[in-house]
Structure formats: structure tokens, C-alpha cells
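next input, structure requested:
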Amino acid sequence: MGRLVMVKCRCGFIKDDYRYGFTAGYSETQKHLTALVRSGRYGNVWKERLASDDELLVDAAWAIYQCTCCQRIYDEYSLDLYKSGQKYYAPSPEDVIYQYRHFCPKCQKRMERIELGGNKSDKPEKSVICPKCGDIATISFCGFMD
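The predicted structure is shown next:
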């Protein structure tokens, strides 16, 4: 089951609908994203890497990314390529062979992934830069999604 993530700042910025993790539809989403990668939608490098190794899988889990330039925060499919004996399950970090480079839709700069704990018992809070004022904001889990 996936998580909903909230970013909250003292300046009044609050957004609580970022998606993180994988959902019940992971396997179907993974099939769809694999077809898009094979079609070249995510670039020729990713297309060639996927075609070069039959054991590579596309990670269809949601992840949170922040632009290092404009500080905007986005949730996107990971799209990392990994090898695992278990098809259609989100990979562990050691399974990942290639990390997909996510770029900001606004300014086209590379974004950094914000790592959050995946345990159901975790209630992690991390600090990020507020996309509204540039001060420190808190990012934390706030619910579940499926």
C-alpha cells in the first residue's frame, strides 16, 4: 500500500497529496511503463538499457523529487531499472542497477530524490526546502493510498 506525503512550512505552504511507494496496481503500472520505456518515451538510453538485458525491470513505485534550482517538489514514478527474482514488486535499493534522472518540468534542472522510510510503522519527518518561501519545511507521511 502506498503512502500520501505532506509538505508543510511555517509560511503557510501545505500540500498533502504527494504519492510515495507502490500501490496494488503496481504490476499493471509496471507493464505500462515498460512499454513506454521500450517505445523510447523516456529516452534512447533507457530504451537501449532495457533492451540489452532481459532481466531488467522498470520500477513503477512513486517517489518524491525536489528541484535543486526552483525548489519545486514533484511525485513521479521512479523508473529505475533493477534486477529481482520477484517480478512486479518494488525493488530494494540493492536491486537497482540504473537510477533514472528526473528533471524539473519548470526549469529543466536535475531533481534530487527525497528518501523516506518505507516501514508501515515509520512516521518519518524530514526537512526539505519550502517551494514557496525557501525556508525549511517538513515532509512527512499523512495517509495511505491504494
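
contacts, neighbours, all on C-alpha from now
Noted.

ranges for the strands of the chain?
Secondary structure of the chain, counting by DSSP state E: strands at 2-9, 14-20, 56-58, 62-67, 73-77, 81-83, 96-98, 111-114, 125-129, 136-145.

distance to residue 38 and mean pLDDT for the ones you listed - can I get that in JSON lines?
Converted to JSON lines, the strands of the chain look like this (distance: least, Cα to Cα, whole Å; pLDDT from 0 to 100):
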{"stretch": "strand 2-9", "distance to residue 38": "26", "mean pLDDT": "95"}
{"stretch": "strand 14-20", "distance to residue 38": "24", "mean pLDDT": "96"}
{"stretch": "strand 56-58", "distance to residue 38": "10", "mean pLDDT": "94"}
{"stretch": "strand 62-67", "distance to residue 38": "20", "mean pLDDT": "97"}
{"stretch": "strand 73-77", "distance to residue 38": "16", "mean pLDDT": "97"}
{"stretch": "strand 81-83", "distance to residue 38": "12", "mean pLDDT": "94"}
{"stretch": "strand 96-98", "distance to residue 38": "15", "mean pLDDT": "94"}
{"stretch": "strand 111-114", "distance to residue 38": "23", "mean pLDDT": "96"}
{"stretch": "strand 125-129", "distance to residue 38": "34", "mean pLDDT": "90"}
{"stretch": "strand 136-145", "distance to residue 38": "28", "mean pLDDT": "93"}
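
just name the most buried of those.
strand 56-58 (a mean of 26; mean count of other Cα atoms under 10 Å).

packing partners of it?
helix 26-39, strand 81-83 (3 or more Cα pairs under 8 Å, 6 or more residues apart in numbering; DSSP states H and E).
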